[in-house]
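**Student:** coords below, sequence missing:
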């Protein structure tokens, strides 16, 4: 049985002092991940003990950079639900989890139903989404930045923004993306990884 480092939970709740009800939903999410991971290998077993820091805190930090008026969010390549599911559990008005792999989409639907949260699961490839636009676009460990911008642009309104979690290659990716796109970007230090960054991107052209 995969054990969880409880100090990570304490750290998470220091950064995000959520209600008791929300904390219980996050605990339940951990249990569902443990159950399903045994069958479907949704996340690496080696990362499970640090799930609160490595996955939950990493995802939740995006909430710090969202406009208060934002109502719809598309999480590209949601996988096991990071960051979109965590953001939804924390109370974002409407989250759309985009995941093309069947077993992962099935898991996401099971979590949404179990936790009764305001999220829709779309089992499609990102590039197949048409006719719908979002206030916020998120992604974590999906594709290099030039490809993420290509995915995100058709899904954005004029005032929309992207929040992308990136690792130590972030400067290389920004340079490469600048060859193909113009965009406004703010960079923030990650709460969960000393080499990680949160990119806040607007005005993609």
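**Tutor:** Everything's here; your move. Keep in mind it's a predicted model, so treat the numbers as computed, not measured. Residues are numbered from 1 along each chain as shown.

**Student:** in the longest strand seen in the chain, what's buried?
**Tutor:** Ordering each strand of the chain by length in residues (DSSP state E) puts strand 156-166 first. Neighbour-count burial for strand 156-166 flags 156, 160, 161, 162, 163, 164, 165, 166 (criterion: 16 or more other CB atoms under 10 Å). No exception for glycine: its C-beta is placed from N, CA and C like everyone else's.

**Student:** distance of the residue nearest in space to the middle of the chain from residue 147?
**Tutor:** With distances taken as CA atoms, centre = their mean, the residue of the chain nearest its centroid is residue 83 (1.8 Å). When distance is defined by CB to CB, to the nearest Å, residue 83 is 18 Å away from residue 147.

**Student:** equivalent analysis for residue 179, please.
**Tutor:** With CB to CB as the criterion, residue 179 and residue 147 are 13 Å apart.

**Student:** do the same with residue 91
**Tutor:** 30 Å.

**Student:** okay, those two: which has more neighbours?
**Tutor:** residue 147 (16 against 12; other CB atoms under 10 Å).

**Student:** the more buried one: which element?
**Tutor:** Using DSSP states H and E, residue 147 sits in helix 145-152.

**Student:** go on, residue 113?
**Tutor:** helix 102-115.

**Student:** and that helix, which residues are buried?
**Tutor:** Per 16+ other CB under 10 Å, helix 102-115 contains these buried residues: 104, 105, 107, 108, 109, 111, 112, 115.
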